[in-house]
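> Quick one, what's the 3D model for this:
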Amino acid sequence: MSDRTWRQLREPWERLCWARERKFTSAAEAARSLGMKEGTYRAYERPPDASKATRLDYEAARDFARKFGVSWAWLLNDVGSPDDVVRIADREDELWAVYQQLTEEQRQHLIAIAKTFLAEAANQDAGENPPTGESPKKAHSGQRR
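Reported below is the predicted structural model:
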């Protein structure tokens, strides 16, 4: 599969084979480095209609992407390129660690802030005027009035 470019790969299992071949000479070697049985790993590299195929999911895509040095978003969903500089998984781990330390009330507050931020960003991307009133930063800064 190494003779194909990453742009030609349509399915997650194809992208997985391609990514693995960049770092390891064999599926057996990759499986050992991942702490998996070879057959378990090979099941991810099979087409979905093959016997004993395992569909790539988010958790496996993250693990494989880290080991193979590619973007998990590309590996799983063909988003971006395999060499995207942004280490999304690293940022997710950081966010998750912070999120786990919050109380349920703080988590709900954080979600509200994120939703407001996304809505404003979508409005700006669409060329609309930003909403009037306080910015989310001021509205959710924790300061009492």
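> Could you list the buried residues of whichever helix in the chain runs longest?
Longest among the helix segments of the chain by residue count, using DSSP state H, is helix 104-125. By neighbour count, with 16 or more other Cβ atoms under 10 Å as the criterion, the buried positions of helix 104-125 are Thr116. Placement of C-beta: from N, CA and C, glycine included.
> Packing partners of that helix?
Taking 3 or more Cβ pairs under 8 Å, 6 or more residues apart in numbering; DSSP states H and E as contact, the helices and strands that helix 104-125 lies on are helix 136-139.
> again, 10 Å this time
helix 88-101, helix 136-139 (3 or more Cβ pairs under 10 Å, 6 or more residues apart in numbering; DSSP states H and E).
> Of those helices, which shows the lowest average pLDDT?
For the helices and strands packed on helix 104-125, the stretch scoring lowest in mean pLDDT is helix 136-139; its value is a mean of 46.
> Relative to the whole chain's centre, how far out is the longest helix of the chain?
Counting by Cα atoms, centre = their mean, to the nearest Å, helix 104-125 is centred 20 Å from the centre of its parent chain.
> Export that helix to CSV, keeping only CA atoms.
Included here for helix 104-125 are C-alpha records, laid out as CSV according to Å, rounded to 0.1, in the frame of the first residue of the first chain:
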residue,chain,number,x,y,z
GLU,A,104,-20.8,19.6,37.9
GLU,A,105,-21.9,23.3,38.2
GLN,A,106,-18.5,24.4,36.8
ARG,A,107,-18.8,21.9,34.0
GLN,A,108,-22.2,23.2,33.0
HIS,A,109,-20.9,26.8,33.1
LEU,A,110,-17.9,25.8,30.9
ILE,A,111,-20.2,24.2,28.4
ALA,A,112,-22.4,27.3,28.3
ILE,A,113,-19.3,29.4,27.6
ALA,A,114,-18.1,27.1,24.9
LYS,A,115,-21.5,27.1,23.2
THR,A,116,-21.6,30.9,23.3
PHE,A,117,-18.1,31.1,21.8
LEU,A,118,-19.0,28.7,19.0
ALA,A,119,-22.2,30.6,18.2
GLU,A,120,-20.3,33.9,18.0
ALA,A,121,-17.6,32.3,15.8
ALA,A,122,-20.2,30.9,13.5
ASN,A,123,-21.9,34.4,13.2
GLN,A,124,-18.5,36.0,12.4
ASP,A,125,-17.7,33.3,9.8
